[in-house]
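any chance you can model this:
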Amino acid sequence: MTRKFLINVVLIVAVLFIIIRSWKIYQDIEQIIPETGGIIIATDKKEYRSGELLRLTIKNNFAKNVCFSSCYPYFLEKKDEKKGWKSYKYQNCPESDVAEKCMEKEQIKAFMTTLPKIKKGIHRIRIPCCIGCKIQQDFKESKRFYSNEFKIE
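Residues are numbered from 1 along each chain as shown. Below is the predicted model of the structure:
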């Protein structure tokens, strides 16, 4: 009976070791995935008119949740042939900037916005993100992502 007991103890210890080691490897991988993941941002069309409705789809490919700013969840940028991408001027946020809307990993969201009266040319949308933060925490940009380019006629 002591030999059986010893074999059972060794098996239990081995199984626990494998479980703990697997859990540690999973945590290590989860730390790496956010660096290789990303946010995919796509507009519904490649060409718009000023004042037109733009539909945007966002997919979270990170292994963690991603949150957006309560003040400026996105910025509109125009391509300047000489200076690169230039953001339109935005007013300072009148309230505290917190993580307001969040997406879980692998989640897809869509939203619509009316394009303001802007100049003709090539544009894109820049979205600053806070990776792994929680709703109502102070918003601190971890990374920023960009939509596809689109033309304003």
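
partners of the longest strand anywhere in the chain, with directions?
The longest strand of the chain (DSSP state E) is strand 121-131. Strands adjacent to strand 121-131 in the sheet, as given by DSSP bridges, are strand 66-69 (antiparallel), strand 75-80 (antiparallel), strand 143-146 (antiparallel), strand 150-152 (antiparallel).

and that strand, what's buried?
Neighbour-count burial for strand 121-131 flags 123, 124, 125, 126, 127, 128, 129, 130, 131 (criterion: 16 or more other C-beta atoms under 10 Å). In short, each C-beta sits where N, CA and C put it, glycine included.

now that strand: mean pLDDT?
When pLDDT is averaged over strand 121-131, the result is 95.

ok now that strand, how far from the chain's centre?
Taking C-alpha atoms, centre = their mean, to the nearest Å, one finds the center of strand 121-131 at 11 Å from the center of the full chain.

what comes into contact with it?
34, 39, 41, 43, 56, 58, 62, 64-69, 72-79, 85, 87, 99, 137, 139-152 (C-beta atoms under 8 Å, 6 or more residues apart in numbering).
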